[in-house]
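> Structure here, sequence nowhere to be found:
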């Protein structure tokens, strides 16, 4: 992946994938740095921008930064975009399992209930 990024440094999707892999390898600071860079690259793109924010939230979860992940999820739930995250998806996707016991996450899910 790093070789690919040398030839395509603005590939935000590859940077997000690299970030997840770095998180799995325990390289937390590098993972967050790559995920943030992916967000910066895609910031003005209405399609991939929110997806990169979602990737950053996943990386934050993976490295134990739950509050920062939830901050992003709150923002994404207010954003209209293709394949948007929903409360229903948050309830079932395994990416969010580490948040299941977090009171803020419970409140976030409950906020959408009638």
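On my side now, so go ahead. Fair warning: this is a prediction, and the values are worked out from it, not measured in the lab. Numbers count the residues shown, from 1 in each chain.
> and residue 4, how many neighbours does it have?
A count of nearby residues for residue 4, using other Cβ atoms under 10 Å, gives 13. Yep, even glycine has a C-beta here, placed from its N, CA and C like the rest.
> got the contact list for stretch 63-75?
Residues outside stretch 63-75 that contact it (Cβ atoms under 8 Å, 6 or more residues apart in numbering): 23, 28, 31-32, 53-54, 56-58, 60-61, 85, 90, 98-99, 102, 104-105, 108.
> Now do the helix or strand bottoming out on mean pLDDT in the chain: which elements does it pack against?
Least confident helix or strand of the chain, by mean pLDDT, DSSP states H and E, is helix 2-7 with a mean of 72. Contacts defined by 3 or more Cβ pairs under 8 Å, 6 or more residues apart in numbering; DSSP states H and E place helix 2-7 against helix 12-24.
> Counting by contacts, list what the helix it packs on packs against.
helix 2-7, helix 28-42, helix 48-62.
> Now with 6 Å, please.
Packing contacts for helix 12-24, counted by 3 or more Cβ pairs under 6 Å, 6 or more residues apart in numbering; DSSP states H and E, involve helix 28-42, helix 48-62.
> count of neighbours near residue 43?
12.
> ugh, wrong one, residue 108
Neighbour count for residue 108, taken as other Cβ under 10 Å: 17.
> show me the contacts for it.
Residue 108 is in contact with no residue at all, counting by Cβ atoms under 6 Å, 6 or more residues apart in numbering.
> now the angle from the strand or helix carrying it to helix 48-62?
Following DSSP states H and E, one finds residue 108 within helix 103-110. Angular relation of helix 103-110 and helix 48-62 on a 0 to 180 degree scale: 140 degrees, by axes from the mean of the first three to the mean of the last three Cα atoms, to 10 degrees.
> so what pLDDT did residue 106 get?
With respect to pLDDT, residue 106 scores 94.
> Sorry, wrong one. I was asking about residue 112.
So residue 112 comes in at 70 (pLDDT).
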